[in-house]
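Undergrad: starting from these lines, generate the structure:
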Amino acid sequence: VMVLSHSRMMYLEFTLSQRLPDFLACHVNAFTFFGGVPRRINYDNLRTVVMSRVGSDIRFHPGFMDFAGYYVFEPIPCNVRAGWEKGKVERAIGYVRTAFLAGRAVTSWAVLEKDARLWRDGEANVRVHGTTRERPQDRFEVEKPLLRPLPGALYDTRAVESVRSTRQALIHFDGNRYSVPGRQANKTLTLKADAHELVIYEGSEERARHTR
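TA: Numbering: from 1, shown residues only. Reported below is the predicted structural model:
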């Protein structure tokens with residue numbers, strides 16, 4: 001969940017992972033949904049953002065900071081045990097649990113994704129917000145012009161791994177096996193994967209593409 005501070009406009013997405021590539025991909029999807037990038041974003045002290053912290057000395061995750069530099073926003077870690085500093089998101093998650101998830105039978109991942117989008121756009125962002133007493137969608141018209149413009153190209157958030165193909169021209173990734181052409185058997189290759197597909201390269205040349 002990402003919530004804009006002024007309008008309370010909400011972006012909602014469900015994932016199967018908390019790993020950095022998926023965390024960054026959710027950011028890209030949120031920025032695309034909002035049509036811009038906030039200048040500052042508050043975070044809890046999750047490991048994908050803050051690797052270590054001693055008082056005010058904060059060591060950010062280098063991969064996350066590369067992403068923040070690309071989109072030109074400032075990450076603001078909340079103080080330790082100061083949940084009220086990210087109350088807008090905490091309340092939004094509670095709202096998702098009670099108004100969307102409670103009592104819902106999830107029959108498939110695709111249905112959940114579709115239903116979440118419909119609920120987000122047809123209910124969450126058009127209701128009268130309990131704090132502002134206005135609809136998030138209406139207040140967003142004032143806030144949107146203040147967002148930073150999106151860069152010309154999306155940041156590549158795919159996970160990158162070096163993999164070794166077997167003599168049977170298969171590679172192993174995340175508990176599954178995927179094929180490569182026979183001439184790429186028994187070779188070291190590069191795999192790039194997002195939540196939906198993976199692409200296998202030999203050098204800079206694409207050799208195989210699979211639905212994940």
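Undergrad: surely Ile58 is in a helix?
TA: No - assignment of Ile58 by DSSP: H, G, I helix; E, B strand; the rest coil gives strand, placing it outside any helix.
Undergrad: which ones are touching it?
TA: Val50, Ser52, Pro77 (CB atoms under 8 Å, 6 or more residues apart in numbering). Where you see a C-beta, it was placed from the backbone N, CA and C, and this is true even at glycine.
Undergrad: gap between the residue nearest the centre of the chain and Leu189?
TA: Central residue of the chain (CA atoms, centre = their mean): Cys26, 1.5 Å from the mean position. Distance of Cys26 to Leu189, computed by CB to CB, to the nearest Å: 27 Å.
Undergrad: also Glu141?
TA: 48 Å.
Undergrad: what residue ranges in this protein score low on pLDDT?
TA: Filtered on pLDDT under 70, the chain yields the residue ranges 81-85.
Undergrad: can you show me the strands along it?
TA: 2-3, 10-11, 40-43, 50-54, 57-60, 74-77, 159-164, 170-173, 176-179, 188-193, 197-202, 205-211 (DSSP state E).
Undergrad: reformat these as TSV; add distance to Asp22.
TA: Listed next are the strands of the chain as TSV, based on distance: least, CB to CB, whole Å:
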stretch	distance to Asp22
strand 2-3	14
strand 10-11	15
strand 40-43	16
strand 50-54	18
strand 57-60	18
strand 74-77	17
strand 159-164	8
strand 170-173	15
strand 176-179	17
strand 188-193	10
strand 197-202	13
strand 205-211	17
